[in-house]
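Enquirer: quick one, fold the following:
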Amino acid sequence: MMTLTITTVFTVGYLLITLWLCRGLRLNTRSLCYGGLMCAATLVLGSFLFYLPTGSAISPGSWIPLMLLALTYDWRLACVTGWVTGILAIFLIPAWAPVHWAQIPVEHLVAFSALGYAGVLGSDKKWKVLCGVLLAILLRFMGQMLSGVVFFSQNAWDGWGAWGYSITYHLSCKIPEGIATTLILLALPLNTIKKAIGGNQP
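Expert: Presented below is the predicted three-dimensional model:
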């Protein structure tokens, strides 16, 4: 009961806060094009998975497109694009096929849209990029970890329990992919890219 309560509060709270923060977002032709391109790039990269001994998997940079959109154009657009990507992933990425309809808001809508939070602090300073990226990774981890506790507890290793299994399972893939993603984004000339594409975030 406690697990369901925590999961529900987190999911509803996240979705409501994100919806409120994305108010005022205007979708013009340029925004739709950038969003579509980053959505497609995320889905393509997310289709190639490298499995780890824990059973979890990492992708060759599938977090980067939406984070890059957030950091160089508009983080609100990245969040909305993440929601679209999460829905499309159900049909286009076999590994993301939900086992229950409730898994969609808990995991799919959170995991992809959370990447948009990488740009919530801006990209003019490296520390802002670092903090934003870490926040995005944390939110993604929370959504997928809670989904693992609720929907995949039957897969827990002997003696681990649902929480121990899900936390360890997701940390085993989030840490290496998170480090790689962070280093790549910190190395990119984000402000130059932002000027080139006409980014409109503060």
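
Enquirer: quick one: N191 and G122, what's the gap?
Expert: Distance, N191 to G122, by C-beta to C-beta, to the nearest Å: 10 Å. All C-beta atoms are positioned from the backbone trio N, CA, C, and that covers glycine.

Enquirer: typed the wrong thing, it's V9
Expert: On the measure of C-beta to C-beta, V9 and G122 end up 29 Å apart.

Enquirer: ok, the two, which is more surrounded?
Expert: Higher neighbour count among V9 and G122: G122, with 16 against 10, using other C-beta atoms under 10 Å.

Enquirer: the nearest residue to the more buried one once chain neighbours are set aside: which element?
Expert: Nearest residue to G122, sequence neighbours excluded (C-beta to C-beta, 6 or more residues apart in numbering): K128, at 5.0 Å. Here K128, judged by DSSP states H and E, is contained in helix 126-151.

Enquirer: so which bits of the next helix-or-strand element following that helix are buried?
Expert: Later in the chain than helix 126-151, the nearest helix or strand by DSSP H and E is helix 161-187. Within helix 161-187, the residues scored as buried using 16 or more other C-beta atoms under 10 Å are 162, 165-170, 172-174, 177-178, 181-182, 185.

Enquirer: cool, thanks, signing off.
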